[in-house]
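[1] sequence unavailable; structure follows:
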């Protein structure tokens, strides 16, 4: 049985699904990125007095 070409409606649905997935990805990555930066900032601040500063910035 030969394969029939997909209908234009399925192309539209596929494009909508792709768009929704990309929007979800960027919404989730925004919080994860800035949450990681915030966590690194807090850890740096908490450990500020524990290290030797002459090693990093003479």
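    That came in fine, so what should we check first? Predicted model only: the values in this text are computed from it and were never measured. Numbering: from 1, shown residues only.

[2] can you name the next helix or strand after the lengthiest helix in the chain?
    In the chain, taking DSSP state H as the definition, the longest helix is helix 8-46. As assigned by DSSP states H and E, the chain's next helix or strand after helix 8-46 is helix 53-56.

[3] and that following helix, what other elements does it pack with?
    Helix 53-56 sits against no helix or strand, with contacts defined as 3 or more C-beta pairs under 8 Å, 6 or more residues apart in numbering; DSSP states H and E. Glycine gets a C-beta too; all of them are placed from N, C-alpha and C.

[4] what lies in contact with that helix?
    The contact list for helix 53-56, computed with C-beta atoms under 8 Å, 6 or more residues apart in numbering, is empty.

[5] buried sites along that helix?
    With burial defined by 16 or more other C-beta atoms under 10 Å, not one residue of helix 53-56 is counted as buried.

[6] offset the numbering so it begins at 11, please.
    Let's use 11 as the start, then, which means that last one is helix 63-66.

[7] residue closest to the middle of the protein?
    Geometric centre of the chain, nearest residue: residue 39, 2.4 Å, by C-alpha atoms, centre = their mean.
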